[in-house]
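the sequence and its predicted three-dimensional model are supplied below.
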Amino acid sequence: MPQFSLYDEEFHPSPWQRTWASFKASHISMLGLIMLALFVVCAVFAPLITPYDAVEQNIDGLLIPPSWVTNGSISHLFGTDALGRDLFTRIIYGCRITLGSAFITVVLAMLVGVSLGTFAGMLRGVRSSIANHLLDALMAIPTLLIAIIIVAILGTGLVNSMWAITLALIPQFVHHTRSFVRAEMKKEYIVASKLDGASKWQLFVHSILPNMTEMLVVQSTLALSIAVIDISALGFLNLGAQSPLPELGVILADGLDVAYLAPWNVAVPGMAIFFMVLSINIVGDGLRSALRKRVSH
């Protein structure tokens with residue numbers, strides 16, 4: 001027997017539930033989320049999905065066409081490269097290395113950038129002016145150029161390229177965090193907390209950080225797409241990951257040598273990078289639109 005309620009309780013969704021409802025209403029955003037989830041699944045479960053070793057060479061299977069070509073083989077879905085390595089396996093592991101490396105760099109850049117941005121946002125006077133001018137100067141330099149300069153100092157390699165991109169992304173998080181903190185410090189609830197004797201640490205943890213989450217989610221998705229492009233670009237330029245490591249930029253660079261004989265060696269990794277960046281950008285744009293609609297309502 002159903003329970004009888006004398007009073008009809010109104011359901012008030014939480015801010016994140018309203019954001020998800022607005023995000024889910026966009027078919028393009030959901031398509032981007034599904035694409036991104038597919039890349040994440042491939043990255044996490046790469047050893048279970050792939051049928052071959054990513055670096056194992058096979059001289060008996062050089063430049064086998066992909067399965068959709070007339071003389072292709074179903075045993076090599078995306079064909080093989082000039083050393084007989086299965087391209088499908090290398091692409092899956094490439095998604096794992098590229099996306100995983102980009103995620104780590106964004107998390108590190110966000111942690112450092114939020115800390116420095118909060119400190120800069122709470123500064124006043126000459127120190128605040130100096131910090132603002134330094135950040136504006138760094139923001140004017142493209143992240144890839146900063147990463148190339150740092151890699152030239154540290155040396156090539158995937159780890160060095162990750163450090164370089166992390167350092168290149170930090171100014172963006174510092175800039176947005178500083179602007180957010182400076183705007184929040186002028187609001188009445190912060191002034192009231194100050195009058196109650198709250199320290200700067202307490203203001204940040206209990207008042208500013210909970211309101212900063214949405215901004216950080218949007219900025220992190222944008223930084224993730226930048227990190228994917230930069231890691232792939234440094235690998236392509238032979239400044240980041242080195243062959244035979246299956247990173248998408250390295251796979252694309254290796255395929256250039258046989259592009260005329262086997263165009264799929266360039267097309268497949270290029271499309272993987274394109275769709276990965278596209279899905280991240282679509283999700284980031286969908287989150288931004290959903291948050292804007294929620295605030296407007």
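Arrived safely. Residues are numbered from 1 along each chain as shown.

from now on I want contacts and neighbour counts done on CA atoms only, so please keep to that.
Noted.

residue 254: which element?
With secondary structure defined by DSSP states H and E, residue 254 is part of helix 248-256.

only alpha carbons, please: show that helix as PDB.
Taking Å, rounded to 0.1, in the frame of the first residue of the first chain, the C-alpha atoms of helix 248-256 are listed here in PDB:
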ATOM      1  CA  LEU A 248      50.400   9.300 -30.800                       C
ATOM      2  CA  GLY A 249      52.800  12.000 -31.900                       C
ATOM      3  CA  VAL A 250      55.700   9.500 -32.300                       C
ATOM      4  CA  ILE A 251      53.400   7.100 -34.200                       C
ATOM      5  CA  LEU A 252      52.500  10.000 -36.500                       C
ATOM      6  CA  ALA A 253      56.100  11.000 -37.100                       C
ATOM      7  CA  ASP A 254      57.100   7.300 -37.800                       C
ATOM      8  CA  GLY A 255      54.300   7.100 -40.400                       C
ATOM      9  CA  LEU A 256      55.600  10.100 -42.400                       C
END
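
immediately after it, which helix or strand?
Past helix 248-256, further along toward the C-terminus, the next helix or strand under DSSP H and E is helix 264-296.

what comes up buried for that next one?
Within helix 264-296, the residues that qualify as buried by neighbour count (16 or more other C-alpha atoms under 10 Å) are 264-266, 268-270, 272-273, 275-291, 294.

repeat that for stretch 202-213.
Neighbour counts over stretch 202-213 (16+ other C-alpha under 10 Å) mark 203-204, 207-209, 212 as buried.

and stretch 30-41, by the same measure?
The neighbour-count criterion (16+ other C-alpha under 10 Å) identifies 30, 32-33, 35-36, 39-40 as the buried residues of stretch 30-41.

so for the host helix or strand of residue 106, mean pLDDT?
Per DSSP H and E: residue 106 is located in helix 87-122. Helix 87-122 shows an average pLDDT of 90 in the prediction.

residue 188: neighbouring residues, count only.
Residue 188 sits with 10 neighbouring residues when counted by other C-alpha atoms under 10 Å.

got it, and residue 95?
The number of residues near residue 95, taken as other C-alpha under 10 Å, comes to 26.

please report how far it lies from residue 81.
Residue 95 sits 17 Å away from residue 81 when distances are taken as C-alpha to C-alpha, to the nearest Å.

sorry, back to before: quick one: list the elements packing against the helix holding residue 254.
Of the remaining helices and strands, those touching helix 248-256 by 3 or more C-alpha pairs under 8 Å, 6 or more residues apart in numbering; DSSP states H and E are helix 87-122, helix 209-236, helix 264-296.

just send these back as a markdown table, with distance to residue 47 too.
Converted to a markdown table, these look like this (distance: least, C-alpha to C-alpha, whole Å):
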| stretch | distance to residue 47 |
| --- | --- |
| helix 87-122 | 8 |
| helix 209-236 | 21 |
| helix 264-296 | 18 |
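
relative to residue 146, which of those helices is closest?
helix 209-236 (10.3 Å; C-alpha to C-alpha).

check the offset of that closest one from the chain's centre.
Using C-alpha atoms, centre = their mean, to the nearest Å, the distance from the centre of helix 209-236 to the centre of the chain it belongs to is 4 Å.

check which helices and strands the helix or strand hosting residue 202 sits against.
For residue 202, the host element (DSSP H and E) is helix 200-203. Using 3+ C-alpha pairs under 8 Å, 6+ apart as the contact criterion, the elements in contact with helix 200-203 are helix 188-195.

name the SS class of residue 124, please.
Classification of residue 124 by DSSP: H, G, I helix; E, B strand; the rest coil places it in coil.
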